[in-house]
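Engineer: quick one, fold the following:
(chains A and B)
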Amino acid sequence: MPKHYRPPGKKKEGNAAKYITRSQAVKYLQVSLSVFRKLCILKGVFPRDPKKKVKGSHHTYYHMKDIMFLKHEPLLEKLREIRAYEKKVKKAKSKKNRDLAERLLSRKPSYTLDRLIRERYPKFIDALGDLDDCLSMVHLFAALPAKERENIQVNRIHNCRRLSHEWQAYISRTHKLRKTFISVKGIYYQAEVEGQKITWLTPHALQQVLPDDVDYNVMSTFLEFYETLLAFVNFKLYHSINVKYPPILDSRLEALASDLYALSRYFDANSKASRLDSEGVSLSVSQQVEDKQDETKLDEFELRLAQLQHQLPSNEPGALMHLVGDAEGNEEEDTDTRECRYLFKNMKFFLSREVPRESLLFIIPAFGGLVSWEGEGAPFDKSDQSITHQIVDRPTQQRKFLSREYLQPQWVYDSVNARIVLPTDAYFVGRVPPPHLSPFVDNEVEGYVPEYAETIKRLQAAARKEVLPMPGVGAEDLADSQTLLVEGIIDRAEAIEAAEKKEKMSTLQKQYHYELKLELQGTQYSSIANTVKQNDAVETDAGEESLSNLQQITEDVTNMSKVVMPRKKRKLYEAMQIGKERKRVRVDLLKERKKKIDAAKKS
Amino acid sequence: MAKKSKNSKGKNVVVEEEEDRLIPNLLDEEPRNSTQEEEDKAESSSSEYVSSDDNAGAEGADGYDSLTDTESESVDDEGNVTTDDDNDGESDSSEDEVAPRNTVGDVPFEWYKDEEHIGYDIAGKKIKKKEREDKLDSFLASADDSENWRKIYDEYNDEMVELTKGETKMIRRVLKGMAPHPEFDPYPTAVDWVSIDDAEHPFPNAPEPKRRFVPSKWESKMIVRLVRGIRKGLIKVDDKPKEENRVYLLWGDDPNSTERHHIPPPKPKLPGHEESYNPSLEYIPTEEEMKSYELMYEEDRPKFIPKRFTSMRSVPAYNKAVRETFDRCLDLYLCPRSQKKRINIDPESLKPKLPSRKDLKPYPTTCYLEYKGHRGPVVSISTDSTGQWIASGSNDGTVRFWEVETGRCLRVWEFGEAVKHVAWNPSPELPVLAVSVGQDVFLLKTGLGNGEEQKRVEDLLNVGSQMTPDDSDGGESIVKWSRDDNHGGIRLNHFKTVSSVEWHRKGDYFSTLMPYDILLLSSVLVHQLSKGLTQRIPFKLHGLPVSSAFHPTRSIFFISTKKNVRVYDLLKQRLIKKLETGVREVSSIAIHPGGDNVIVGSKDGKLCWFDMDLSSQPYRVLNCHPKDITNIAFHRSYPLFASSSDDCTAYVFHGMVYSDLNQNPLIVPLEILRGHASANGRGVLDCKFHPRQPWLFTAGADSVIKLYCH
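Structural biologist: This next block holds a predicted model:
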């Protein structure tokens, strides 16, 4: 019996049974393609790549188990129900029974995704690990203008904005932000929550382009899932620091579109009210600086907030009193967080109108600074004498306070990445700031270290020396890196040395041969003129040849070892070599450009 | 014009409307009018009609001129026609104005023929028949009365009726076949009140049904029922279901959460320095590079071109943000995911551990001597068994004979035709050189050795010349042995071009190859020098012979065709083994001095090492040369072998064969020898080891022979 023959009645086996094409799956589930798509997105089902593609290589294959997983999903039934309901609405509409249609529309069946989230992310850590895309998308939609379109609803955008602010408030509040990067695409942030590095991108606060050739249905399905996920994650995070989750904000601040600040106020109030948080109060808002003079005023404010939230009875002002002080560091914090927390300590920032306010309002408190901005609802005024830094992004600053420094926003981002307060003179208003480098790149691995990265490294080392009583920690660090580099160099050097030796030998030999030859020629053919010429030629060539010879020798060595390798390993080796070569070419290009730029500068 | 016509139409319309209104009026009022006319304008009308009558009386009426003759006749015998018409007109007028006297209705007159009355009036009284007038009287009366022509007898009412002027006009018009009323237009211009050209359905004209105007009973009943339901609280009216907040603590701290068997999506790539809004200057491509990008194909062009903005306020919105997010979404739900192991190893660790080359010394490393003198590519070289001399054959038609250590050319033989192969007799007693040139193979005495040896050679070659006429087992037809006086040796004339000559180790036998015809059995010949014999190889070859070799110790003969190497036992005369090389085209073959290992060089630059005891597949294939391998050679005593190639290099390998059969041969590449220049696309054409020293001779297409020493 041939192997491929399957007797009737016997079940399919192997890949034919394990995998199913998409159209088969759609038929099997008895849904439309769009519903299938939606289900796949929500359930996190993705196609597989079977080794043997039974139906041909141009199909998309799903694992049969995944399809069964979808089949037993209660959401499927719910979606069918919704479809039937929509038919009712349509019927009512086409019969011009507008009343009925409206009534039906108002009681549409809906579904919840909490169970799905639990299913996809059984542990909270899993959810945090998968949060990158979620945050990027929610932040993107939060940046869209809140106006009614046919593809994106306004309330979704509002929800996204709220969720993103809540997330930022948490990160900023708990000082979990680690890295920031202004790119052409937007601003990247990296936070570390429960050991998970979460990176997300927020677009620049400008008009976004909404292309037509994008399927917004797919996007909105994703967004639907992400919104729910982020809401639950936020809940869990807020819960972990004992703050009531759906935060109720000061409507005045909310109206002024400074939600983030409102949220931070909420945090403060909440922590005080619940008497659990003993540390953060002093840091995030103005209390710490002004705590002595303005205590009564502040308390009033807090009280008002608390009343707003219906969390405190109005006749209990004393409850707030003792919460203001007593702000000592928490032991369970790791060193990283502490470092971040005290980076901008005792600094007061003021943001001008033109700088990206949202971003800086998020970053500066996250690193322990105090911020205010131009506009209503700001915690302190522009003329406040205690302001140390003013962030300005304009060609020149007319009126200057002598007590503060006028800096470009890049200074904040660079300082945050370097974890030291960088010297400010390069970032003054009107100057072209030094290059902004990505904190996500490992320069050693990349093979090229930009100039400014080195200066920052030196500054870091210097700063560390200052702080640490032990001398030479920073120096050691530096030395370490140098030794690392040196080790790499030594290998090379050795090889070159050996080659040189060999080369010397060979030149000697050559000379000897040449003399011999001369003798021979002298005896036999005696064409002296010719030999003299050759002699000259040889001598001039010698210098050029020595270099090429060196390369030749190293090449020969690699070639010879390649000859004996088995084919599989040889191919692998060659593939690796290609990757290396590409990298080398890239680095060489950079170096060459750098050299040219330097040359142009000098001349 | 158009306007005018419209106007005229409008007028027409008006007229017609008036007519429509007028016609019934006319019908109503005409009798009255006519009576009035009778009374008021009797005189004038009479005068008119008189005149007309006169005309009629004279020569048929003018008015009738237009009529046909027959009609004029009918007018002449007045009675029937006129009565009929008048009757109609009369009845019309009488009916409308005054009710007819008689009330019997439309019954035949015969019924009253015999009665003295003709019917009954409204009061029910009998209407008496009038007295019949005398014909003569009536005629006279009519003759007297000028108005008599307009009087008509009404049989129904039994009275004489006098026609009015209008009635006569009407009658006249009817007689002409025209409409009775002068102002009636029988053919009005049609007006399209509604255009129905493009309408699918007929113009709906159904009257609105009554139910449209009457409030529905059942609806009101329903309303009453609903109102009662709402009042009683059976029906609840709330505009919208409440938006409840569904967020709760999803991840409690229950430890028994199941592991998910799910491949997490790969994280998006993190941005590098070049994506910064203000990257270092070296990350920004120069103008020339930008131009070169434009020349590239769309796909090859870099996806992201770094740009520099000197301040944050000048950074524009990124216009591909939504697009890229969407692409990421597509990746997440449409791309198959699979976990792949990423190899993270040092590429150097892939290289096999080889013994240090220092331990494998001596081997040829550097060029020590060059032998110059040939004026064409040196095709073949051969070393003397003592290692003191080498011979070389070149395409310029000469064979040269060199002293190894000095590089002195001792002798030159001129053949005038390209030399194909040179081979020195391996036996030290017989210093004879075999040279293949074209179709001939020459056996040359070299004049080496002591006198005794020279004598022996002389004898042998002389004997050869004597033996040429002898025919020996059919070899004569293939090869002609003859004495060559020019060079002092034997000349073996083959019928085809000879490509190579190989000696047996004892120096008595040698084989020649003629790779020109597959069908010929005799393309490989074995000659015996001492007897001057020639034999065909009694085996069938599968393909053209490329190269041949004698086993160094046993009577075994190797012949390689393009694909395979066949091993024959010469004593038993049968095939022992077939070695499958698996290369494209074999170019050369060499036997290890132990006899159990064979290397085969191919034209695709591969070198195959066969262990004859192991299998018929190569033990190892070395992919060393990028171009054709031209020749390969084993050293007779050192564990060395070499390959020469058209890429102007020669490889020297360490090839150790152990006497322990369990241990595989050790192959280590030792050195790449360079130095030859390329000529006409050819590089090194031949390589031979020195028989005693670890030295290698290479013959190049640049007409130089080189000696590489350790």
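Engineer: switch to C-alpha atoms for all contacts and neighbour counts from now on
Structural biologist: Fine.
Engineer: got the residues of the stretch 501-603 of chain A near chain B?
Structural biologist: Residues of the stretch 501-603 of chain A lying close to chain B (CA under 8 Å from any CA of the partner chain) are A:506, A:513, A:517, A:520, A:524, A:556, A:559-565, A:569-570, A:573, A:576-577, A:590-591, A:593-594, A:597.
Engineer: what does the stretch 301-450 of chain A give?
Structural biologist: Remark: the part of the stretch 301-450 of chain A in contact with chain B comprises A:354-355, A:393-394, A:409-410, A:432-438, A:440-441, A:450, using CA under 8 Å from any CA.
Engineer: now with 7 Å, please.
Structural biologist: For the stretch 301-450 of chain A, the residues in contact with chain B (CA under 7 Å from any CA of the partner chain) are A:393, A:432, A:435-438, A:440-441.
Engineer: tell me the strands in the stretch 251-400 of chain B, going along the chain?
Structural biologist: Secondary structure of the stretch 251-400 of chain B (DSSP state E, counting those that start in this stretch): strands at B:366-372, B:378-383, B:389-394, B:398-403.
Engineer: and for the stretch 451-600 of chain B?
Structural biologist: Counting by DSSP E, counting those that start in this stretch, the segments of the stretch 451-600 of chain B that form strands are B:480-484, B:489-493, B:500-503, B:509-513, B:524-528, B:533-536, B:547-550, B:556-560, B:564-569, B:574-580, B:586-591, B:597-602.
Engineer: same for the third one, what does it pack against?
Structural biologist: By that I understand strand B:500-503. Using 3 or more CA pairs under 7 Å, 6 or more residues apart in numbering or on different chains; DSSP states H and E, the elements in contact with strand B:500-503 are strand B:419-424, strand B:509-513.
Engineer: got any ranges where the stretch 201-350 of chain B has weak pLDDT?
Structural biologist: Within the stretch 201-350 of chain B, the set of residues satisfying pLDDT under 70 comprises B:238-245, B:253-261.
Engineer: where exactly do the helices run in it?
Structural biologist: Along the stretch 201-350 of chain B, the stretches classed as helices by DSSP state H, counting those that start in this stretch are B:217-232, B:287-295, B:321-334.
Engineer: can I get those in a markdown table with mean neighbour count and distance to chain A?
Structural biologist: Output for the helices of the stretch 201-350 of chain B, formatted as a markdown table (neighbours: other CA atoms under 10 Å in any protein chain shown; distance: least, CA to the nearest CA, whole Å):
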| stretch | mean neighbour count | distance to chain A |
| --- | --- | --- |
| helix B:217-232 | 12 | 15 |
| helix B:287-295 | 11 | 11 |
| helix B:321-334 | 18 | 5 |
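Engineer: after the least confident helix or strand in chain A by mean pLDDT, which helix or strand is next? Please name it.
Structural biologist: Taking mean pLDDT, DSSP states H and E as the measure, the helix or strand of chain A with the lowest value is helix A:318-321, at a mean of 31. Using DSSP states H and E, the next helix or strand after helix A:318-321 towards the C-terminus is helix A:335-341.
Engineer: quick one: low-confidence ranges for the stretch 401-550 of chain A?
Structural biologist: Across the stretch 401-550 of chain A, residues meeting the criterion (pLDDT under 70) sit at A:466-500, A:502, A:516-547.
Engineer: with chain B instead?
Structural biologist: B:1-99, B:196, B:238-245, B:253-261, B:462-478, B:517-522.
Engineer: taking it, what residue is nearest to chain A?
Structural biologist: Closest contact between chain B and chain A, by CA to the nearest CA, is at B:Ser276 (4.1 Å).
Engineer: show me the contacts for A:Cys134.
Structural biologist: When contacts are counted by CA atoms under 7 Å, 6 or more residues apart in numbering or on different chains, A:Cys134 touches A:Tyr226.
Engineer: now which of the residues of the stretch 301-450 of chain A next to chain B would you call buried?
Structural biologist: The neighbour count (16 or more other CA atoms under 10 Å in any protein chain shown) marks A:393, A:435-438, A:440 as buried among these.
Engineer: and the gap between the residue positioned nearest the centre of chain B and B:Tyr283?
Structural biologist: The C-alpha lying nearest the average C-alpha coordinate of chain B belongs to B:Glu299 (CA atoms, centre = their mean; 19.0 Å). With the distance defined as CA to CA, to the nearest Å, B:Glu299 ends up 21 Å from B:Tyr283.
Engineer: ends of stretch B:699-710, how far apart?
Structural biologist: When the termini of stretch B:699-710 are compared using CA to CA, they are 18 Å apart.
Engineer: so it, near chain A or not?
Structural biologist: No: contact between stretch B:699-710 and chain A, assessed by CA under 7 Å from any CA, is absent, since the two come no nearer than 11.3 Å.
Engineer: next one: that stretch to chain centre, how far?
Structural biologist: Stretch B:699-710 has its C-alpha centroid displaced from the chain centroid by 56 Å (CA atoms, centre = their mean, to the nearest Å).
Engineer: the strands in chain A, which residues?
Structural biologist: In chain A, strands defined by DSSP state E lie at A:19-21, A:61-63, A:177-182, A:187-193, A:196-202, A:348-351, A:370-373, A:389-391, A:405-407, listed in chain order.
Engineer: can you list the residues of the stretch 501-650 of chain B near chain A?
Structural biologist: Going by CA under 7 Å from any CA, the residues of the stretch 501-650 of chain B near chain A are B:622-624.
Engineer: rewinding a little: which one of the residues of the stretch 301-450 of chain A next to chain B is nearest A:Asp66?
Structural biologist: A:Asp66 has its nearest neighbour among these in A:Phe440, at 35.8 Å by CA to CA.
Engineer: B:Tyr708: which element?
Structural biologist: When elements are defined using DSSP H and E, B:Tyr708 is found to belong to strand B:704-709.
Engineer: mind listing what's buried along that strand?
Structural biologist: Within strand B:704-709, the residues that count as buried by 16+ other CA under 10 Å are B:704-709.
Engineer: what's the answer for stretch A:96-113, then?
Structural biologist: Applying a neighbour-count criterion of 16+ other CA under 10 Å, the buried positions in stretch A:96-113 are A:100-101, A:104, A:113.
Engineer: for those residues, give me CSV that also has distance to chain B and pLDDT.
Structural biologist: Listed next are the buried residues of stretch A:96-113 as CSV, based on distance: CA to the nearest CA, whole Å; pLDDT from 0 to 100:
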residue, distance to chain B, pLDDT
A:Leu100, 12, 91
A:Ala101, 13, 92
A:Leu104, 10, 89
A:Leu113, 10, 92
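Engineer: going by distance to B:Asp384, which of the residues you listed wins?
Structural biologist: Nearest to B:Asp384 among these, with distances taken as CA to CA, is A:Leu113, at 91.5 Å.
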